[in-house]
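Peer 1: just a sequence and a predicted model for now, questions to come.
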Amino acid sequence: MSKAIVNVTINGRKVDKAVEPRTLLIHFLREDCQLTGPHIGCETSHCGACTVDLDGASVKSCTHLAVQCEGSTITTVEGLAQGGVLHAVQEGFYTQHGLQCGFCTPGMLVRAWRLLQENPNPTDDEVRRGMSGNLCRCTGYQNIVKAVLYAAAKLQQTAKVAA
Amino acid sequence: MNAPTDAKLLERSAALQGLGDSRLRKEDARFIQGKGNYVDDIKLPGMLHMDIVRSPLAHAHIRKIDKSEALKVPGVIAVLTADDLKPLKLHWMPTLAGDVAAVLADEKVHFQMQEVAVVIAEDRYAAADGVEAVTVEYDELPVVIDPYAALAPDAPVLREDLAGKTEGAHGRREHHNHIFTWEAGDKAAADAAFASAPVTVKERIVYPRVHPCPLETCGCVASFDPVRGELTTYMTSQAPHVVRTVVSLLSGIPESKVRIVSPDIGGGFGNKVGVYPGYVCAIVASIVLGKPVKWIEDRIENISTTAFARDYHMDGELAATPDGKVLGLRVQVIADHGAFDACADPTKYPAGMFHICSGSYDIPAAWCEVKGVYTNKAPGGVAYRCSFRVTEAVYIIERMMDILAQHLGIDKAEIRAKNFIRKEQFPYHSPFGFEYDSGDYPTALRKVLDACDYKGLRAEQARRRADPDAKTLMGIGLVAFTEVVGAGPTKMCDILGVGMFDSCEIRIHPTGSAIARMGTITQGQGHQTTYAQIIATELGIPSEVIQVEEGDTSTAPYGLGTYGSRSTPVAGAAIALAARKIHAKARKIAAHLLEVGDDDLDWEIDRFKVKGDDARFKSMKDIAWAAYNQPPAGLEPGLEAVHYYDPPNFTYPFGIYLCVVDIDRGTGETRVRRFYALDDCGTRINPMIIEGQIHGGLTEGYAVAMGQQMPFDAQGNLLGNTLMDYFLPTAVETPKWETDHTVTPSPHHPIGAKGIGESATVGSPAAVVNAVVDALAPFGVRHADMPLTPSRVWDAMQGNPKAPI
């Protein structure tokens, strides 16, 4: 099958690779770009384990084609920590026991990261609604909600200090 | 120098992060940074990909398989069918339950999506193309979906391979679709109790077929090295050591040359206990092709073919006095095992521990009987986040207690309190032969009723029922469950002849840090965190410097794996006892270093000190160095121990759950207003992790009660095998959970722990259903089968609780 070149920026690094036009974004990230954060849980865009950030929106990378992302900027869980320092959402999931098997976690984190940019000060219910595209089989979500609220508080505090 | 104050002792103790500490998880650093190592993350040089051709039909003879077009597809390397596996005698494989299962369909298919052929290709896209290009011609056969219909005299013969076999692995087969009949308890005594009882109630209660559905599907990477003759397989397995034994027996490769590695596992819940055709085919393909072969199932394959759970069709009966004292229990079950009997149960117990169904109650006479039958559905019958069939057992007794209470007009808390096994009756011998280790049910019940203001809730319910304008119905569900977990004593429990012990090897390094290797394998339970805490308390070494390794059969001691809440009851005991061996040796070394007798030393948190002289002591760190470098004469150097633990009994965690629901009278939609879960798992190792396990288990149980099911049409088509149809709750539907606990240690476990990973899944479905039925009681409803979808609840309000969904 003939291949198409895809130029994208992933976690701040420019990438160009030749892929089959039918290559799904999740396979492009995992197989061609060697990332292990985004996972495949359902391949029907229900579970959210493959969630990545594409040009400022959370998307399920199992139902995007890599070629659709030409010129895009993509952030995966690998891009959240900066300079070796965990992002507040990662810290929140760790300190609030927001994960167990860890399989949904990268998608959850990327979604939470975007959610807190969309709504920096969400309520419990807003977090639940905002995270409802991501399924978790282990935690029952209660500590995930706590983790996101922890991150929201921490980011607000950091913003205040900076101001 | 002053003697250490209590504060200083506490500080030293806290620094260890041992038993009881809500220590943050050691596992998390990799998972929150995308650095987990799940099976699909494993890539080996030259690795090929396998995909599976599956049957669209539930029952059919295979007339012809044509792989010629598939072999022309670019990238396709090979296509294997049962005929290719026959020379290796691998077209069928033994199941965990003493039956055989087809690896690739041999002349006929027995269920929809059964494995018919495999395609091996250079990448997963080419493999999928190859699957599309394989053509299979079938001759359709009549399909049997209803397990009762399967036992009709003229029912179609499903297992032609068993023709003439009247003896199965569990005794006589009465019918061509009958697998086994198993019973427990005293039928004559139970029948006598029913014959003379003033009150009896009976109900048919179905626990539907559901699927554990971990977020990561099953898969493996098989890598055979033809030069060394060694097979390494990375596999999503909850029991890697047993898999190694099975693979060795099947392949003829010595066990010493088979290595099974369970890497990070994205949830198991029982789905990853068995050996699946995909694993066998990937291994064969790797051996045949001399290259690593990866197989990762997709979600539809996962739900359709790898182990389902439950599918128990139960007739429950209670005999009682008019004031609600239970005199007898009878339960008869038709168990739908699908096309092959691949239940994961200890060999002697084809219905698992279903005979825990007398529950938390002192019932004088009890009997149960389970008949396993074949149908045209996928094999399985695993314990979906529970010990073998315990969830079904808890469900039947807890539903029946409510039905009896409703029948007699007795309060549902009162009937439970009236029938509880009393604290002073422990160790309690159940009518089914279990010896319950410890429990205090009345205290736990009181605590929950007080915390939730049960009287107030009942008063509110009475007001609601009296209000003709009320838009919602209110229901209160109570459950008092007892589990039997930690399989198990090897004299009772084995799988394929391997006794269900577990193991631990601890090695203390010269500078005082340590590694523990275990026969279990975590799938999210946090073993790397909690196991270290046991060692920290036993040996006075900080948790932080204790590494825990599991899952690699070439380094870990042999163990039976993680399922049935057995990690803490069995492997946790092995840890404590291995640590105590080290502790005993450490005492000798400390005595030598301090130039006193062994008996002149006291152990205090992290050190041996000379009795009466706090200033003279040796820490475990000092001792570790000396163990390697200056051991006492006659003592071998080193500081390590191995312990294989064969538990003397099961453990019996228990809990009281209270659920309050409000149901919309117009739509039948149920909202869980409050769910209060009190669990008693004995000694608590890490409260944070315990609470997390309970939250997760409650959510899974809630999902089962409210929406999960695997419906089939008459042709055997599974009507919901994607996450569009199969209900996994999101954060929006999931109720908010309240947790509580009491602590009743197990008297026979070295640290008194009982296990907690599954309690909430076991107890919660009955709590939700009891609440919904309690709300519907004014409509004359005393039972409605799961899942309690709005339409079913609405139908129940119309007097039809068992209407199709």
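Peer 2: Looks like it came in fine. Numbering: from 1, shown residues only, chains lettered A, B, ... in the order given.

Peer 1: nearest spatial neighbour of the residue in chain A positioned nearest to chain B, chain-adjacent residues omitted?
Peer 2: Nearest residue of chain A to chain B (CB to the nearest CB) works out as A:Gly37 at 2.5 Å. Bear in mind the C-beta positions are built from the backbone N, C-alpha and C, glycine included. Spatially, and ignoring its direct neighbours in sequence, A:Gly37 is nearest to B:Gly34 (2.5 Å; CB to CB, 6 or more residues apart in numbering or on different chains).

Peer 1: just the pLDDT for residue 109.
Peer 2: Let's take chain A. Model confidence at A:Leu109, given as pLDDT, is 98.

Peer 1: my question was about chain B
Peer 2: On the pLDDT scale, B:Val109 gets 98.

Peer 1: how about B:Ile260?
Peer 2: 98.

Peer 1: now do the SS call for the most centrally placed residue in chain A.
Peer 2: Of all residues in chain A, the one closest to the mean position by CA atoms, centre = their mean is A:Val110, 2.3 Å from it. Reduced to three states with DSSP: H, G, I helix; E, B strand; the rest coil, the structure at A:Val110 is helix.

Peer 1: if I read this right, it contacts A:Val52, doesn't it?
Peer 2: Yes: using CB atoms under 8 Å as the test, A:Val110 is close enough to A:Val52 to be in contact (5.8 Å).

Peer 1: list residues touching both of these two?
Peer 2: Common contact partners of A:Val110 and A:Val52 (CB atoms under 8 Å, 6 or more residues apart in numbering or on different chains): A:Ser58, A:Thr75, A:Thr76.

Peer 1: what about the residue nearest to A:Gly37, helix or strand, and which?
Peer 2: Assigned by DSSP states H and E, B:Gly34 belongs to neither a helix nor a strand.

Peer 1: buried residues, stretch B:52-62. List them.
Peer 2: By neighbour count, with 16 or more other CB atoms under 10 Å in any protein chain shown as the criterion, the buried positions of stretch B:52-62 are B:Ile52, B:Val53, B:Arg54, B:Ser55, B:Leu57, B:Ala58, B:His59, B:Ala60, B:Ile62.

Peer 1: likewise for stretch B:525-545?
Peer 2: So stretch B:525-545, judged by 16+ other CB under 10 Å, has buried residues B:525-543.

Peer 1: go back to the residues you listed and keep what's next to chain A.
Peer 2: B:Gln525, B:Gly526 (CB under 8 Å from any CB of the partner chain).

Peer 1: just checking, what packs against the lengthiest helix in chain A?
Peer 2: Secondary structure of chain A per DSSP state H: the longest helix is helix A:142-162. Here helix A:142-162 touches helix A:88-95, helix A:105-118, helix A:124-130, helix B:687-706, going by 3 or more CB pairs under 8 Å, 6 or more residues apart in numbering or on different chains; DSSP states H and E.

Peer 1: let's see that with 10 Å instead.
Peer 2: Counting contacts by 3 or more CB pairs under 10 Å, 6 or more residues apart in numbering or on different chains; DSSP states H and E, helix A:142-162 is packed against helix A:88-95, helix A:105-118, helix A:124-130, helix B:687-706, strand B:737-741.

Peer 1: contact partners for the closest residue to chain A within chain B?
Peer 2: Nearest residue of chain B to chain A: B:Gly34, at 2.5 Å (CB to the nearest CB). By CB atoms under 10 Å, 6 or more residues apart in numbering or on different chains, B:Gly34 lies in contact with A:11, A:35-39, A:76-81, A:102, A:105-106, A:109-110, B:41.

Peer 1: state the number of residues packed around residue 141.
Peer 2: Just so you know, I chose chain A. 31 (other CB atoms under 10 Å in any protein chain shown).

Peer 1: if you could check chain B rather than the one you did, that'd help
Peer 2: Counted with other CB under 10 Å, B:Leu141 comes out at 19.

Peer 1: not including adjacent chain positions, what is the nearest residue to it?
Peer 2: Closest to B:Leu141 by CB to CB, 6+ apart is B:His59, at 4.3 Å.

Peer 1: in the sheet, who's paired with the residue lying closest to B:Pro735 once chain neighbours are set aside?
Peer 2: Once flanking residues are discounted, B:Pro735 sits nearest to B:Val672: 3.9 Å by CB to CB, 6+ apart. Taking DSSP bridges as the rule, B:Val672 bridges to B:Val661.

Peer 1: let me know the angle separating the one helix or strand B:His313 maps to from helix B:687-706.
Peer 2: B:His313 is part of strand B:308-320 when elements are defined by DSSP H and E. If you take axes from the mean of the first three to the mean of the last three CA atoms, to 10 degrees, strand B:308-320 sits at 80 degrees to helix B:687-706.

Peer 1: sheet partners, orientation included, of strand B:308-320?
Peer 2: strand B:199-210 (antiparallel), strand B:326-336 (antiparallel), strand B:380-382 (parallel).

Peer 1: list the contacts of residue 120.
Peer 2: Going with chain A. Per CB under 10 Å, 6+ apart, neighbours of A:Pro120: A:Ala152, A:Leu155, A:Gln156, A:Ala159.

Peer 1: ah, no, chain B please
Peer 2: B:48-51, B:75-80, B:126-127, B:130, B:281-282, B:284-286, B:288-289, B:291, B:293-295.

Peer 1: of those, list those near chain A.
Peer 2: By CB under 10 Å from any CB of the partner chain, the members of these lying near chain A are B:Gly75, B:Ala126.

Peer 1: on that earlier part again, tell me which of the strands paired with strand B:308-320 is the most buried.
Peer 2: Comparing the strands paired with strand B:308-320 by mean neighbour count (mean count of other CB atoms under 10 Å in any protein chain shown), strand B:380-382 comes out on top with a mean of 31.

Peer 1: residue contacts, the residue lying closest to B:Phe727 once chain neighbours are set aside?
Peer 2: Leaving aside its sequence neighbours, B:Phe727 sits nearest to B:Gly707 (CB to CB, 6+ apart; 3.1 Å). Residues counted as contacts of B:Gly707 (CB under 10 Å, 6+ apart) are B:Val210, B:Asp725, B:Tyr726, B:Phe727, B:Leu728, B:Pro729, B:Glu733, B:Met786, B:Pro787, B:Leu788, B:Thr789, B:Ile805.
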